[in-house]
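> The following block contains a protein sequence and its predicted model.
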Amino acid sequence: MNLTTYQKLAAHYEKYINHSMQAFEKKLNPIISEDEELIRRAAFFVRNGAVSIANYSPQNHTISFVVRDVHNIEVSYNIIEDAFTCPCPMHKPCRHFVASVFYLYQQNESLSTWISKWKSEADLTQLALLRDERSPESWNLLIENFFRKFVSSYPPTSLYVLEFAIHDLKTQVRKSRPFEREWQPIFDVYVNLVLLIKVWPFLTPFAETNMRNRVYHFLNESIDEIDKLLSQLAAKPRLFAADTFYEEMMDLVHHFYFDMDKFVSYRKQVYLSFWDTLVTDKASREKEVSFLQSLEKEEDGFSLNMVLPYFYLTLSRTDELLKAADQIEAGQLLEWVEVCEKALHSSNKNLVNSLARKLLPHISYYLNEVIPNPSRVMLIRRLELLYTTIQLESEELENLYQSFGLYGIQSYSNLLLKEQRYRDWMALHQSANSSLEYAEACGLSIVKEQAPEVLLPLYHHYAMRFVGEKNRYSYKQAVRIWKKMKAVSKKTNDTDYWNAYVDNVREKYRRLRALQQEIEKGNLPL
């Protein structure tokens, strides 16, 4: 028989090649990561032209292949006996032998179709595991299988690709949710926690590029989803049969917070959310306190036992909580604000009052030296809401608003108006170079009603700002403000002052013809 082509050779031995492929199906399990990688690499060899036939012996029914790996590998395949020789030390079929059989198989059939069908057996196996054995191990196997398929087997080249892969992965995993409604919230929380932990190492490289803010957005969305799912889980009766899952999740959370790297504030948020929802018994919390008190691990300059105040609060260990508050480090302000907010939710106003006052000396430094600018406004808003719940002295409030800088002008303005310190109100907006519109939003109409004379320097400041822009539109705006000054002067009977002011302006800017024309149209003198 004269076989002149590889296609004819593959067609001649098709029955035996299919027998070898069936043996692969029995020996290689798509659920096992090593087997899945073996099939993937063998297919890669074939698709990239790394497999070639070196010799064929029709008498022995033996084909010799050369597979280009790190170096050339020679494989001998006896088709009739389904036997092979390869320098690989593997006992299972090695990737070189599998690639050789794949090379012949694709001459007759679609290799991609065979691989897809082989992988689909993994999904069926996972569903059987979920149905027959509901355990953390089976769910981990499910998640690992899909994670390899969507992420780890094809490492994402951009954060957007990673986000799309995670979305598709969750869509596929969701199809394997338990049918019982009481199990579904547990499954959802478990899956999202495990996925967050598994995707964590992929985020760090992107955070070191210009995608850093996008990474933060992804983390915020992921953690918000976990918090939402935890709330749904907390609203359901706790299943006795689910205790092993709760224990496994807390072990994962403990590993996530204490053993993993980067984004420590996000890890802390997940850690506290799970403690708040899943573990409420006193004994477990006391045990965690003992662990934290002996912990000396630090990350990014912060000790990981910074979560201790949370446990002191939930265990009502007030003396220890206040003692810890006396030793607040400037960089830990945000953690203590969260403790105050939690104490406020528990209606412990006396404790909130004591804790919040201990934060005051650290606010200015934290806002100006520690927290990044995009997060500053949100924290200031949280501080405002916190301090409206306690009775601060006027001087304390003033120092608080001053520490807010430009972001505290409106709150500071309200305080000054409340105390009828109208001249200080005017000086604040003049020094801050506020716009007229912002000053009006901060209560200018109240000052105009109660003490209009103090507004003259501020109005002059706004008018000169428009004159300095040197265009007719700005001159019209300046005249509009001068008319407000004119109305104030008329109301306070300062006619001589006002007319002298107008003459002085006209003399100073006599070369600006357009301005002189607008002043004339405005009929400014009294």
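Received the coordinates, thanks.
> And the spatially closest residue to Phe258 that is not a sequence neighbour, how close does it get to Lys521?
Sequence neighbours aside, Leu304 is the residue nearest to Phe258 in space, at 6.0 Å (criterion: CB to CB, 6 or more residues apart in numbering). (C-beta placed from N, C-alpha, C; glycine too.) Leu304 sits 69 Å away from Lys521, taking CB to CB, to the nearest Å as the criterion.
> List the contacts of the residue nearest to the spatial centre of the chain.
With distances taken as CA atoms, centre = their mean, the residue of the chain nearest its centroid is Leu219 (1.8 Å). The contact partners of Leu219, taken as CB atoms under 8 Å, 6 or more residues apart in numbering, are 203, 263, 266.
> Is it within a helix or a strand, and which one?
Here Leu219 is covered by helix 212-234, with elements defined by DSSP states H and E.
> Equivalent analysis for Glu437, please.
Following DSSP H and E, one finds Glu437 within helix 436-441.
> where along the chain do the strands fall?
51-57, 62-68, 72-78, 83-85, 298-299, 302-303 (DSSP state E).
> Relative to Val289, which of those is closest?
For Val289, the closest of the strands of the chain is strand 302-303, at 14.5 Å, according to CB to CB.
> Give the pairing partners of the closest one; include direction for each.
On the basis of DSSP bridges, the sheet neighbours of strand 302-303 come out as strand 298-299 (antiparallel).
> hang on, the earlier thing: who's in contact with the helix holding Glu437?
Counting contacts by CB under 8 Å, 6+ apart, the residues touching helix 436-441 from outside are 409-410, 429, 444, 458, 462, 481.
> Now compare those residues and name the two farthest from each other.
Across those, the longest distance by CB to CB is 21.3 Å; it joins Gln410 and Ile481.
> Could you check which of the two has the larger neighbour count?
When neighbours are counted by other CB atoms under 10 Å, Gln410 and Ile481 differ, and Ile481 comes out ahead with 20 against 16.
> got a list of what the more buried one touches?
Going by CB under 8 Å, 6+ apart, Ile481 touches 436, 459, 462-463, 466.
> Could you do Ala242 as well?
With contact set as CB under 8 Å, 6+ apart, Ala242 has these partners: 183, 186.
> Check it and give its pLDDT.
We note a pLDDT of 86 for Ala242 in this prediction.
> if I look at it, how far off is Asp281?
Taken as CB to CB, the spacing of Ala242 relative to Asp281 amounts to 16 Å.
> if we can go back for a sec, how far does the helix holding Leu219 sit from its chain's centre?
7 Å (CA atoms, centre = their mean, to the nearest Å).
> Show the contacting residues for the residue lying closest to Ser364 once chain neighbours are set aside.
On the basis of CB to CB, 6+ apart, the spatially nearest residue to Ser364 that is not a chain neighbour turns out to be Ser403, at 3.6 Å. For Ser403, the residues meeting the contact criterion (CB under 8 Å, 6+ apart) are 363-364, 367.
> Residue ranges in the stretch 201-350 of the chain under the pLDDT threshold?
Scanning the stretch 201-350 of the chain for pLDDT under 70 picks out no residues.
> no wait, the chain
In the predicted model of the chain, residues 1-4, 31-33, 91-92, 121-133, 153-155 satisfy pLDDT under 70.
> swap the cut-off to 50 and go again
Along the chain, the model assigns pLDDT under 50 to residues 1-3, 130-131.
> And Pro201, how close does it get to Val151?
Using CB to CB, one obtains 11 Å as the distance from Pro201 to Val151.
> of the two, who's got more company?
Under the criterion of other CB under 10 Å, the comparison of Pro201 against Val151 puts Val151 first, with 20 against 12.
> need the contact list for that one.
With contacts defined as CB under 8 Å, 6+ apart, Val151 is in contact with 162, 165-166, 169, 198-199, 202.
> Likewise for Trp425?
Contacts of Trp425 by CB under 8 Å, 6+ apart are 413, 416-417, 442-443, 447, 454.
> So which of the residues you listed are in helices?
Judged by DSSP state H, those include 413, 416-417, 447 as members of helices.
> Tell me where the stretch 101-250 of the chain has helices.
Using DSSP state H, counting those that start in this stretch, the helices assigned to the stretch 101-250 of the chain run over residues 111-132, 136-147, 159-174, 184-207, 212-234, 243-259.
> Tell me which of those lies nearest to Tyr422.
Put simply, out of the helices of the stretch 101-250 of the chain the one that sits nearest Tyr422 is helix 212-234, at 42.0 Å, with distance taken as CB to CB.
> tell me which residues in the closest one are buried?
Residues of helix 212-234 classed as buried: 214-216, 218-219, 222-223, 226, 229-230, 233 (neighbour count, 16 or more other CB atoms under 10 Å).
> Check stretch 392-403 too.
For stretch 392-403, using 16+ other CB under 10 Å, the buried residues are 392, 397-398, 400-401, 403.
> Now do it: distance to the chain's middle.
From the chain centre to the centre of stretch 392-403 is a distance of 33 Å (CA atoms, centre = their mean).
> same question, stretch 325-335
The chain centroid and the centroid of stretch 325-335 are separated by 23 Å under CA atoms, centre = their mean.
> gap between the residue nearest to Ser364 and Leu383?
The span separating Ser403 from Leu383 equals 9 Å under the rule CB to CB.
> now Tyr216
Distance of Tyr216 to Leu383, computed by CB to CB: 21 Å.
> ok, now Ile328?
Following CB to CB, the distance that separates Ile328 from Leu383 is 14 Å.
> neighbour count winner among Leu304 and Lys521?
More neighbours sit around Leu304 than around the other of Leu304 and Lys521, counting by other CB under 10 Å; the figures are 18 against 11.
> right, and that one touches Lys297 too?
Yes: using CB atoms under 8 Å, Leu304 is in contact with Lys297, at 4.9 Å.
> Mutual contacts of the two, please.
Taking CB under 8 Å, 6+ apart as the contact rule, the neighbours common to Leu304 and Lys297 are Phe258.
> Include distance to Ser112 and neighbour count when you put the ones in helices among the contacts of Trp425 into a markdown table, please.
Putting the ones in helices among the contacts of Trp425 into a markdown table (distance: CB to CB, whole Å; neighbours: other CB atoms under 10 Å) gives the following:
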| residue | distance to Ser112 | neighbour count |
| --- | --- | --- |
| Ser413 | 68 | 25 |
| Leu416 | 73 | 23 |
| Leu417 | 73 | 18 |
| Val447 | 76 | 24 |
